[in-house]
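Asker: sequence and predicted structure are below.
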Amino acid sequence: MKRLLLVEDEADHAELLARALATNADEFTLTTVGSLAAAQAALTRELPDLALVDFHLPDGDGSTLVAAAQGRFPVILLTAYGSERGAVEAIKAGALDYVIKSPESFAELAHVVRRALREWQHVVQRQCAEVALRESEERYRTLIENALEAIFVLQDDAIVFANRAAARLTHLSGQELTGRTIEDFLRPEDCARARSMLRRVAGGEEEAVEEEFNIIRQDGREMLLATNGVRILWAGRPAILAFANDVSARHRAEVERLEMERRLLHSQKLESLGVLAGGIAHDFNNLLTAIYGNIELALLDLAEEDPVRESLHEAARATRKATELTRQMLAYSGRGRFLIKILNLTELVQEMAQLLRVSIAKTATLHLELAPALPCTQVDSAQVQQVIMNLITNASEAIGDRVGSITLRTGVKEFTAGEFDRSRLAEKPEPGRYVYLDVIDTGCGMDETVQQRLFDPFFTTKFTGRGLGMAAVLGIMRGHKGAIIVDSKPGQGSSIRVLFPALADNTSAAAESAVVPVEAPLPRLTGTVLVVDDEESVRQVALNFLTRMGLRVLCAADGQAAVTLFRQHATEIDLVLLDLSMPKMGGPEAFTELQKIRPEVRVVIASGYDEGETGRRLAGQGAVGIIAKPFQLQLFHAEIRRHFVTP
């Protein structure tokens, strides 16, 4: 039911108007007041759905109430004196309708009110729609202008709109962008692809397209943009709405991620092969320990003129060669046992010069460019010699039957982290001063694919893989915390640089210490030794060596058994010969348990490869020596004898 407010100061007119509406009592409720003030008071209590207002009131005219009603409820002005001008003025003032008081108009009043209410409903709806439209436009304008994504509208190949993000992206204002074409920002080689993209979208061939382009900004900076576009109508005409994001950082991160992933996969592959090589070498070393040890024991028992001695010597030579192969496998795995000393790389190359010259092809010439005042480095001389020999052999094979040259160059240089990024080792050394050796050849060169596999075991471009030469180089350099840098192109030869940490300039090379041979027969010793090794053949060789020296021997197959045996004979055992890699309880754990039983226990480590931090830690905890596998009788006896007093 609609609420009506009647403002009429003449009582008879008010009665006639009320009577005209009374026939529709189920539609309307009528409140009647006789002055402008009374009307304003009524409005403070409740707003009507429509007001019928007399134009001439005792305290003012109806136009005042029309002004007060603006936008809140409709007003129909009533007057006894009608004119066209009055109607126009009333509508201008904001009245919805204008009624001249007469019997005829009173009879039609209900119809006029209904029509006015309908019109007002349309007015309200239109006003709401306009407000909603303005708010919507403002929201979308706010969204577009504050979007982090650059947004363009292109029409007839030119930019007709660009948001603030687009201005920031291009370093141009929105006004400067308007009228430009996308070709103003693209590299020439990308223009054809961009035109094709716009043509496909504008022609309706594709609903939306996505492309990446390199653009050049106003400040000259180049960046990679990920773009996509859709077809729209702009000002009633076809256009393209385009979005652009700077993905330069993401692209660089993706490239770096892929490179790291490639390096990780390569590192994991090498690590897996290294673990395999190390495991095989460890077991093989134990077998060689048994073979070589028994050969030496047999030689001790044979007369000098016995013809069998020559066969045993030949077997011993073959065993030593097999030991060298084991060292290469351990070097590849990074677990080779290094005998570290201070040396000068230039002097080492000079000592090897004659051997190197006879090792290369006759068609190749060797040139030496050696730095005279090179700082020393701390390395394993034999392992570095192996690196040099393997690199020379590789260079010689690259030259083949052609005439060529190989240059060996030494030097010292400060290297940065950026330079070490090119190292073929996954582990990058710290920036600093390093001595280096370059092996440069004029051979066939290598493409990137070959370079990536250069240090893989048994890889070759010549024929079926022959060994672990370059793979051993990788392992040795990894063990020395060095680096390997390769430069090569097909048909342009190769340059391989190996780097070792440089020592202070005043550090001098260490002198060689000779091994004193043991006389035969072996001097007799007294005491008890506990031999701990999981390989029975190794235990047996050690047992035979030690009993030949006159020592009493106890044997244990693992760390747990060793601890139990040591606890039973703690006061009798003078020395423990301890393997590090064993089941149940390893050497380091067993060593700790032995010290708990007797803190001053003397332990000699028996190992086929460098145990790195483990070996150094045990040495710091009281281990008194290390014996390398396979055991050589003279070296074995010399190490054991150090810990006993000869009777």
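Answerer: Received the coordinates, thanks. Just so we're clear, the structure is a prediction, and the values are computed from it rather than from any experiment. Numbers count the residues shown, from 1 in each chain.

Asker: show me where pLDDT drops low in the stretch 151-300 of the chain?
Answerer: Within the stretch 151-300 of the chain, the stretches with pLDDT under 70 are 266-267, 269-271, 273-274, 277-278.

Asker: what about the strands in it?
Answerer: Shown for the stretch 151-300 of the chain, the strands assigned by DSSP state E, counting those that start in this stretch span residues 158-162, 208-216, 222-234, 237-246.

Asker: tell me the buried residues in stretch 356-375?
Answerer: For stretch 356-375, the buried set under the neighbour-count rule, 16 or more other Cβ atoms under 10 Å, comprises L356, I360, A361, A364, L366, L370, L374, P375. Where C-beta positions appear, they are placed from N, C-alpha and C, glycine not excepted.

Asker: looking at these, which are in helices?
Answerer: Using DSSP state H, the members of the buried residues of stretch 356-375 that fall in helices are L356.

Asker: which one of the buried residues of stretch 356-375 is nearest to A165?
Answerer: Lowest distance from A165 to these (Cβ to Cβ) belongs to P375, with 55.8 Å.

Asker: and the strands of the stretch 151-300 of the chain: which comes nearest L172?
Answerer: Closest approach to L172 among these (Cβ to Cβ): strand 158-162, 8.3 Å.

Asker: other SSEs contacting the closest one?
Answerer: The elements that strand 158-162 packs onto, with contact taken as 3 or more Cβ pairs under 8 Å, 6 or more residues apart in numbering; DSSP states H and E, are strand 150-155, helix 174-177.

Asker: let me know which of these is the nearest to I627.
Answerer: Smallest distance to I627 across these (Cβ to Cβ): 71.3 Å, for strand 150-155.

Asker: go through the strand or helix carrying A353 and flag the buried ones.
Answerer: With the criterion set as DSSP states H and E, the secondary-structure element containing A353 is helix 345-359. Within helix 345-359, the residues that qualify as buried by neighbour count (16+ other Cβ under 10 Å) are L345, T346, L348, V349, M352, L356.

Asker: report pLDDT for the third one.
Answerer: What it means is L348. Here, the pLDDT recorded for L348 equals 91.

Asker: doesn't V384 make contact with it?
Answerer: Yes. Counting by Cβ atoms under 8 Å, L348 sits close enough to V384 to count as a contact (6.4 Å).

Asker: before we move on, the earlier item: export the helices and strands packed on strand 158-162 to TSV and tack on mean neighbour count and distance to A417?
Answerer: Formatted as TSV, the entries for the helices and strands packed on strand 158-162 read as follows, by neighbours: other Cβ atoms under 10 Å; distance: least, Cβ to Cβ, whole Å:
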stretch	mean neighbour count	distance to A417
strand 150-155	20	35
helix 174-177	15	41
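
Asker: who wins for proximity to L264 among those?
Answerer: In this view, the helices and strands packed on strand 158-162 are compared for proximity to L264 by Cβ to Cβ, and strand 150-155 is the closest at 35.3 Å.

Asker: packing partners for the closest one?
Answerer: Right, strand 150-155 is packed against strand 158-162, helix 164-170, strand 222-234, strand 237-246 by 3+ Cβ pairs under 8 Å, 6+ apart.

Asker: can you lay out those as JSON lines showing distance to K489 and mean neighbour count?
Answerer: As requested, those are arranged in JSON lines below (distance: least, Cβ to Cβ, whole Å; neighbours: other Cβ atoms under 10 Å):
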{"stretch": "strand 158-162", "distance to K489": "45", "mean neighbour count": "19"}
{"stretch": "helix 164-170", "distance to K489": "39", "mean neighbour count": "19"}
{"stretch": "strand 222-234", "distance to K489": "27", "mean neighbour count": "16"}
{"stretch": "strand 237-246", "distance to K489": "35", "mean neighbour count": "18"}
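
Asker: distance of the closest residue to N286 other than its chain neighbours from L117?
Answerer: Distance criterion Cβ to Cβ, 6 or more residues apart in numbering; nearest residue to N286, sequence neighbours excluded, is E535 at 4.3 Å. Computed as Cβ to Cβ, to the nearest Å, the E535 to L117 distance reads 107 Å.

Asker: do V529 as well
Answerer: In this structure, V529 and L117 are separated by 117 Å, where distance is defined by Cβ to Cβ.

Asker: higher neighbour count, those two?
Answerer: V529 (26 against 17; other Cβ atoms under 10 Å).

Asker: contacts only, for that one.
Answerer: Taking Cβ atoms under 8 Å, 6 or more residues apart in numbering as the criterion, V529 is in contact with L546, L551, R552, V553, L554, I573, D574, L575, V576, L577, I640.

Asker: try 6 Å
Answerer: Contacts here follow Cβ atoms under 6 Å, 6 or more residues apart in numbering; on that basis V529 touches L546, L551, V553, L575, L577.

Asker: quick one: which of the residues you listed has the most company?
Answerer: Within the contacts of V529, neighbour counts (other Cβ under 10 Å) peak at L577, which reaches 26 neighbours.

Asker: secondary structure element holding that one?
Answerer: With the criterion set as DSSP H and E, the secondary-structure element containing L577 is strand 575-579.

Asker: surely R320 forms part of a helix?
Answerer: Yes. Assessed with DSSP: H, G, I helix; E, B strand; the rest coil, R320 lies in a helix.

Asker: what's the neighbour count on it?
Answerer: Once other Cβ under 10 Å is used to define contacts, R320 is seen to have 13 neighbours.
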